[in-house]
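**Student:** the sequence isn't on hand, but the structure is:
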């Protein structure tokens, strides 16, 4: 497989969106990249595909901007480019939740690394002895492709339904450790901050999301594939395009 696929995001305040969009679009065109980059006042969210040298050249250029210097993409490979074109879009949010009081760039929720989460699941509790509840923050059609064993999910049609769903379910998490997760980390980061705001204690986000978990751990405690928003449809725990129908 010769095409490198990356996904990455960062919550960081951006106030030069129009100029930044033009600069990024020009660089992507020069490198013949395909994919989608979203820019909003709260940060950047990107999905790109190309041969390794082109991806590395773009990321080196992007990291020259101090605001993006610490972005670390999740990587997977495919035989073909799973995007038909390159789009750089301006949005109100890089992941739509419609909860304007949430500004993740002002401070992150606690996170758990994939290997630590796997260890918690292996031993049946976190390091403080609390029961661990996994909370899938993705939409229903994504969950249908695969999820962790025993996860809580709300059958969401869109992420905008998450605040109301978790507020109604708040009592479930009393005295437990809740780990929110999503494909690449962006939704579960917003979700964890929102839950902290509701007064839920012991909230973590899965650092890097499912894709990073697959990269570091594989398929332990996972069932099925992971839905991705490109032409591959889904990837399996080895990060290869899924052959499931």
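**Tutor:** In hand now; what should we look at? Only a predicted model underlies this, so the values are computations on that prediction, with no experimental measurement involved.

**Student:** so in that sheet, which strands flank the helix or strand encompassing residue 8, and in what orientation?
**Tutor:** Assigned by DSSP states H and E, residue 8 belongs to strand 3-11. According to DSSP bridges, strand 3-11 has the following sheet partners: strand 43-50 (antiparallel), strand 74-78 (antiparallel).

**Student:** deepest-packed of these, please.
**Tutor:** strand 43-50 (a mean of 23; mean count of other C-beta atoms under 10 Å). For glycine as for every other residue, the C-beta is placed from the backbone atoms N, C-alpha and C.

**Student:** now do the next helix or strand after that strand against strand 3-11, angle only.
**Tutor:** As assigned by DSSP H and E, the chain's next helix or strand after strand 43-50 is helix 52-63. For helix 52-63 against strand 3-11, the angle by axes from the mean of the first three to the mean of the last three C-alpha atoms, to 10 degrees is 10 degrees.

**Student:** the lengthiest helix in the chain - contacts with which helices or strands?
**Tutor:** In the chain, assigned by DSSP state H, the helix with the most residues is helix 17-30. Applying 3 or more C-beta pairs under 8 Å, 6 or more residues apart in numbering; DSSP states H and E, one finds that helix 17-30 contacts strand 34-40, helix 52-63, strand 86-90.

**Student:** these: which one's closest to residue 223?
**Tutor:** Nearest to residue 223 among the helices and strands packed on helix 17-30 is strand 34-40; the distance by C-beta to C-beta comes to 28.2 Å.

**Student:** under the pLDDT cut-off, which ranges of the protein? List them.
**Tutor:** Applying pLDDT under 70 to the chain flags residues 100-102, 104-105, 244-245.

**Student:** mind listing the strands for it?
**Tutor:** 3-11, 34-40, 43-50, 74-78, 86-90, 111-112, 132-136, 146-148, 152-153, 177-181, 203-206, 222-224, 226-227, 234-235 (DSSP state E).

**Student:** where's residue 157 relative to residue 85, distance?
**Tutor:** Distance, residue 157 to residue 85, using C-beta to C-beta, to the nearest Å: 27 Å.

**Student:** who's more crowded, these two?
**Tutor:** Neighbours were tallied for residue 157 and for residue 85 using other C-beta atoms under 10 Å; the higher tally belongs to residue 157 (10 against 7).

**Student:** who touches the more buried one in this structure?
**Tutor:** Contact partners of residue 157, counting by C-beta atoms under 8 Å, 6 or more residues apart in numbering, are 139, 140.

**Student:** for it, phi and psi?
**Tutor:** phi -80, psi -30 (degrees, to the nearest 10).
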